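S.K.: show me the folded form of this:
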Amino acid sequence: MRVLLVEDNARLAQLLAEGLRRAGWQADTGGSLEEAEAALATGEYDAVVLDRGLPDGDGIDLVRRLRHRLGAPPVLMMTARGEVAEVVEGLDLGADDYMVKPVSLVELVARLNAAQRRGGRGAAPLVLGAVSLDPLSRALTVADAPFDPPPRERTLLEVLLRAAPRPVAKETLEARLAGLDRAVQPNAVEVYVHRLRARLGQAGAGVVIQTVRGLGYRLEAAVPGEVPPP
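M.R.: The predicted model follows:
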C-alpha cells in the first residue's frame, strides 16, 4: 500500500514515513499543497495523510479538490487544529478521517488500515502467485480455493502480501504478532515463517518467503525450478 504524507515539519514527516515503511506501507512525503498536487498527478496512492497548516495554504483546500476527482484516494487529516468546528468542517468537506496531533504511529497505521477496509483504491484484490487477498473481507484463496491458515500465520501472510515486493522488518512482524491474544516468544517470527512456508508450499501457492538478512522477510513470486527456503 502506498501513502502520500503531506507535512511541512520535515523531521516529523521523516519519522512518520520511516515508521509507516516499517509497518508495510510505502510512504512518500511532501511539504506543501503544490508538492502534494504534483505527487498526486504523477503517482497512484492508496491514501493521503494531510496536514492543514501548510506553507502555501490550508490542506482542506486539497480535500475540496480531491472530493470531485474520480477514484481519489481516502484522505486522513492530521493537524493541530482540533476545535470541534474545525473537525466537523474537515469531515463535511470530504476528509475520510480527522486526527488531532499529537498522533501515535500505532494509531496512524490503524486508521490507515481502517480506511482501506472501508474501501479506497486498496479494495482491489491483492494477488501474488496463486495467492489472493480480499482487503475488505480478508478472505484468502490459493488458486481460487479457500486458504485458512492459523491466525498468526494468516497475520504474517497478510502483512507480507500487502508489503510485497518490499521487505518487512522482523520487528514489525513481531509487533503484529504481539497484537494477538498470546505472548510472543523471542523466536516467534522464525517459527511461524517456517510453518507458513511449509503450508504455502503444500498448497501450491506459487510464492516464497525470502529472508532479507539484517532486516526481515519478503514475499516473492516463486521461480519455476527454484528450491524454496526451508
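
S.K.: quick one, what contacts the residue nearest the centre of the chain?
M.R.: Residue closest to the mean C-alpha point of the chain, counted by C-alpha atoms, centre = their mean, is Trp25 at 3.9 Å. Trp25 is in contact with Met1, Arg2, Val3, Val109, Leu112, Ala163, counting by C-beta atoms under 8 Å, 6 or more residues apart in numbering. (Glycine included, C-beta is placed from N, CA and C.)

S.K.: please enumerate the helices of the chain.
M.R.: Counting by DSSP state H, the chain has helices at residues 10-22, 33-42, 59-67, 84-92, 105-117, 151-163, 170-178, 188-203.

S.K.: before we move on, back to that, and the contacts of Trp25, which two are the farthest apart?
M.R.: Arg2 and Val109 (14.1 Å; C-beta to C-beta).

S.K.: and those two? Which one has more around it.
M.R.: Between Arg2 and Val109, counting by other C-beta atoms under 10 Å, Val109 is the more crowded of the two (21 against 15).

S.K.: so that one touches Ala23, yeah?
M.R.: Yes - under the criterion of C-beta atoms under 8 Å, Val109 is in contact with Ala23, at a separation of 4.7 Å.

S.K.: tell me which residues of the helix or strand of the chain with the lowest mean pLDDT come out buried.
M.R.: Between all helices and strands in the chain, the lowest mean by mean pLDDT, DSSP states H and E belongs to helix 170-178, at a mean of 78. Of the residues in helix 170-178, those buried by neighbour count under the rule 16 or more other C-beta atoms under 10 Å are Lys170, Thr172, Leu173, Ala175, Arg176, Leu177.
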